[in-house]
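> here you go, sequence then predicted model.
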Amino acid sequence: MESGTQPLFSEDRDTVIVFNGEVYNHAELRRELEERGHRFRSHSDTEVVLASFLEWDVDCFARFRGMFGLALWTESRGRLVLARDRIGIKPLYVARRGRDLYFGSELKTIFVHPEIERNLNPAALDCYLTLNYVPAPYTMVEGIEKLGPGHWLEWQGGKTRSEAYWQIPRGVEAKWSLEDAKSKLDSLMQDSVREHLLSDVPLGLWLSSGLDSSSLLHYAAAASPTRLKTLSISFAGRSFDESAPIRELTAQYGTDHQEFDVNPESGLADAIEQFAYYFDEPNADGGALPVWFLSRMTRQHVTVALSGEGADELFGGYLTYRADLLAQKARRLPEGVLRLASFAAGFLPVSNEKISFEYKVKRFLRGCLMPANEAHVYWNGVNSRALVDMPLPNAMAGILRELSPEGDNLEAYLRFDQQYYLPDDLLAKVDRMSMAHSIEVRPPYLDHRMVEFAATLPAHLKIRGQTQKVVLRELMRDKLPASTLRRKKIGFDFPAHDWLRGPLRTLLMDTLSADDWHGGLFDPTSLRYFAESHMRRRANYGYELWGIMLLLLWMKRWGIQTTNLPAAQPVPAGIFTSI
């Protein structure tokens, strides 16, 4: 047997595994297990995972470096064990019905069973309308949950128990000097990139012009024995197009580069309608659209790609972190001053740009009028809860309590984003869009040793004044072009405000006005106001409308019911036809 064909049985056929992911240190684990008497029939990491479980039981999961969702069944004990990687790179869903347990790496796997009802989860909806994604343990389907990152779950005799084998470090800050921190990060980058490059199939690297993927390119080029393949997305003619600086990088490192331009003629509506199937539950991250096209192009050239997810959450790369810190000072002003400034900002001309100066100013000032924890998620999400035409549980209050104890504290914001935003939005987006095209995406920054190191860094080695990701930027100062180090973060997104007024307008309005509009989930008057204000350029509500459109497309695709929710008024026919 040359590979780990699944399901894979132990030699005595008492234990069987199904496994989704990669364990990068399987070779060193194999050697240790062989010394303990295990014999292997293949070269696959799946067989190593199975042998590790037979040797160390649930303690084996803390030994793995990689990404995985897995299930192990032991016949003689009637025992099922599920586990998910530390960071939540790979998904795992579970549903309990009486003594029975259903599980899968996709919601649609569980939907196959006729006993699983498809009712909308009001707690998850409450979170989605604020965050743009559904945070664990919730899913958008009532009665189905996500197994948390770094957790295992055991089912035996109809009873379940679950424990964490790893958690995001808390309160472990150390007294690093800049030089020592750079040296440690350099060593971790070399080790992680080298492990993530191991592959029996063609491999490439997703490249933007930003610091994160450019740093990966530098280390991957040094570690790769062959010419690297790089792949990227462009937005020709847009202010946020990165194709020119990307080409400078590919020329410097001599990569075999491929590029795809995302534009209104790219088949946008068709791609978006497919999201409802592949996403499993709605995710309103606008980056899903370019990731879809990037994944589709990638499949034509390689089947494995490295990607830069995680660096922003580890080292303080998002503009929202600076907004969090700046808002501490702004909130010292009288509330009336902030309200007046927010009112005045409303007269700024509405821009079609993806994230314009006008958009940032308005959102920042509104956030300054909120409690600090609410503002943090508002700056990175939306606020569409008021559009729902029925009462919802305040599930977001429980999520926000994760931020409350430390208030305006950078460590708390970073840890919150690592716990929720990273696995439930970014990694979910990349996993679903890439797997839809049968490619595997690996994030070297999310080696758990890197995560643990970043947690020990003091705040001034992450953000210092207007400089973000300080330690990574300083490490790469003599390695990358100065223009790359100076370049502002652009972000992986699409021009939602503009395209929903243009090439995606028909899809949006048809979705909002469909006859089978799920029992009046949203208040029609409020939603009409949002849509009309956006189309007539009185305000930019592109991200709010995008999130609602994806939710409704998903509900329609999977026949999600709202009969479990409080009754709401039906939507009048044709309410959006005149906009």
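Arrived safely, thanks for sending.

> going forward, measure contacts and count neighbours with C-alpha atoms only.
Fine.

> got the CA coordinates for the helix or strand hosting residue 216 in CSV?
Secondary structure assignment for residue 216, by DSSP states H and E: helix 211-223. Extracted in CSV, the C-alpha atoms of helix 211-223 (Å, rounded to 0.1, in the frame of the first residue of the first chain):
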residue,chain,number,x,y,z
LEU,A,211,4.6,41.9,3.8
ASP,A,212,3.1,38.6,4.8
SER,A,213,3.1,36.7,1.5
SER,A,214,6.3,38.5,0.4
SER,A,215,8.1,37.2,3.5
LEU,A,216,6.9,33.7,2.8
LEU,A,217,8.2,34.0,-0.8
HIS,A,218,11.6,35.0,0.5
TYR,A,219,11.8,31.9,2.8
ALA,A,220,10.2,29.5,0.3
ALA,A,221,12.6,30.6,-2.4
ALA,A,222,15.5,29.9,-0.2
ALA,A,223,14.2,26.5,0.9
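
> may I see the buried residues of that helix?
211, 212, 213, 214, 215, 216, 217, 218, 219, 220, 221, 223 (16 or more other Cα atoms under 10 Å).

> what sits closest to the fifth one if chain neighbours are left out?
It refers to residue 215. With sequence-adjacent residues excluded and distances taken as Cα to Cα, 6 or more residues apart in numbering, residue 215 is closest to residue 476, at 7.0 Å.

> that neighbour: how many residues sit nearby?
For residue 476, the count of nearby residues is 19 (other Cα atoms under 10 Å).

> ok, now how distant is residue 426 from residue 291?
11 Å (Cα to Cα, to the nearest Å).

> which of these two has more neighbours?
It is residue 291, of residue 426 and residue 291, that has more neighbours when counted by other Cα under 10 Å, with 22 against 19.

> go ahead and confirm that one touches residue 433.
Yes. With contact taken as Cα atoms under 8 Å, residue 291 and residue 433 are classed as touching, separated by 6.4 Å.

> other residues contacting stretch 284-300?
Around stretch 284-300, the neighbours that count as contacts under Cα atoms under 8 Å, 6 or more residues apart in numbering are 132-133, 231-233, 260, 262, 268, 271-272, 305, 425-426, 429-430, 433-434, 437-439, 492-494, 496, 543, 546-547, 550.

> from those residues, which would you call buried?
The neighbour-count test (16+ other Cα under 10 Å) marks 132-133, 231-233, 260, 262, 268, 272, 305, 425-426, 429-430, 433-434, 437, 439, 493-494, 496, 543, 546-547, 550 as buried among the contacts of stretch 284-300.

> now, which of those lie within strands?
231, 232, 233, 260, 305 (DSSP state E).

> can you report how many residues neighbour residue 7?
Per other Cα under 10 Å, the neighbour tally for residue 7 reads 12.

> so where is the stretch 151-300 of the chain shaky, pLDDT-wise?
Along the stretch 151-300 of the chain, no part satisfies pLDDT under 70.

> hey, where'd the helices end up in it?
178-196, 211-223, 243-253, 268-278, 288-298 (DSSP state H, counting those that start in this stretch).

> mind putting those helices in TSV, distance to residue 22 included?
Putting these into TSV (distance: least, Cα to Cα, whole Å) gives the following:
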stretch	distance to residue 22
helix 178-196	9
helix 211-223	18
helix 243-253	27
helix 268-278	21
helix 288-298	19
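
> winner for burial among those helices?
Of the helices of the stretch 151-300 of the chain, the one with the most neighbours on average (mean count of other Cα atoms under 10 Å) is helix 288-298, at a mean of 23.

> and that helix, how far out from the chain's middle?
Mean-position distance between helix 288-298 and its chain equals 15 Å (Cα atoms, centre = their mean, to the nearest Å).

> stretch 330-344 now?
Per Cα atoms, centre = their mean, the centroid offset for stretch 330-344 relative to its chain is 33 Å.

> which residues touch it?
Stretch 330-344 is contacted by residues 362, 365, 366, 368, 369 when judged by Cα under 8 Å, 6+ apart.

> count the residues that sit near the third one.
Meaning residue 366. 19.

> what do you get for the first one?
Neighbouring residues of residue 362 were enumerated by other Cα under 10 Å; the total is 18.

> mind listing what it touches?
Neighbours of residue 362 in contact, by Cα under 8 Å, 6+ apart: 342, 345, 346.

> what residue, apart from its backbone neighbours, is nearest the last one spatially?
Read it as residue 346. Spatially, and ignoring its direct neighbours in sequence, residue 346 is nearest to residue 362 (6.9 Å; Cα to Cα, 6+ apart).

> the one you found falls within a helix, correct?
Yes. Per DSSP: H, G, I helix; E, B strand; the rest coil, residue 362 lies within a helix segment.

> read off the pLDDT value for it.
If you check residue 362, the pLDDT there is 87.

> how much space between it and residue 333?
17 Å.

> and residue 191, by the same measure?
Residue 191 sits 48 Å away from residue 333, going by Cα to Cα.

> for the residue nearest to residue 346, give its distance to residue 445.
From residue 362 to residue 445 the distance is 33 Å (Cα to Cα).

> can you check the pLDDT for residue 301?
96.

> swap in residue 439?
Looking at residue 439, its pLDDT reads 96.

> right, and it touches residue 304 too?
Yes. Using Cα under 8 Å, residue 439 is in contact with residue 304, at 5.7 Å.

> I figured residue 535 hits residue 499, correct?
No. The pair residue 535 / residue 499 is not scored as a contact, 10.6 Å apart, by Cα under 8 Å.

> higher neighbour count, these two?
More crowded of residue 535 and residue 499, by other Cα under 10 Å: residue 535, with 20 against 17.

> how near is that one to residue 501?
Distance, residue 535 to residue 501, using Cα to Cα: 6 Å.

> again, but for residue 416
According to Cα to Cα, residue 416 and residue 501 sit 34 Å apart.

> repeat that for residue 513.
Residue 513 is 16 Å from residue 501, by Cα to Cα.

> ok, now residue 143?
Distance, residue 143 to residue 501, using Cα to Cα: 37 Å.

> go on, residue 11?
The spacing between residue 11 and residue 501, counted by Cα to Cα, is 60 Å.

> I figured residue 175 hits residue 459, correct?
No. Assessed by Cα under 8 Å, residue 175 is found out of contact with residue 459, at 10.7 Å.

> which one of the two has more residues nearby?
A direct count of neighbours by other Cα under 10 Å for residue 175 and residue 459 places residue 459 higher, at 17 against 10.

> got the contact list for the residue nearest in space to the middle of the chain?
Centroid check for the chain by Cα atoms, centre = their mean gives residue 426 as the closest residue, at 1.4 Å. Residues in contact with residue 426, defined by Cα under 8 Å, 6+ apart, are 285, 309.

> any idea how far residue 211 is from it?
Distance, residue 426 to residue 211, by Cα to Cα: 18 Å.

> still on that earlier bit, of residue 11 and residue 501, who's got more company?
A side-by-side neighbour count of residue 11 and residue 501, using other Cα under 10 Å, places residue 501 first with 18 against 12.

> and that one, what does it touch?
So residue 501 contacts 534, 535 (Cα under 8 Å, 6+ apart).

> where does the residue nearest to residue 477 when sequence neighbours are not counted land in three-state SS?
Excluding the flanking residues, the one nearest residue 477 by Cα to Cα, 6+ apart is residue 485, at 7.1 Å. Here residue 485 is recorded as helix under three-state DSSP.

> quick one, what contacts residue 485?
Residue 485 neighbours (Cα under 8 Å, 6+ apart): 210, 211, 473, 476, 477.

> farthest pair in those?
Pairwise distances across those peak at 13.4 Å for 210 and 477 (criterion: Cα to Cα).

> of the two, who's got more company?
Using other Cα under 10 Å, the more surrounded residue of residue 210 and residue 477 is residue 210, with 21 against 13.

> next one: that one from residue 483, what distance?
The gap separating residue 210 from residue 483 is 10 Å, by Cα to Cα.

> looking at it, residue 521 is touching residue 391, isn't it?
No. The criterion here is Cα under 8 Å, and residue 521 misses it with residue 391 at 10.4 Å.
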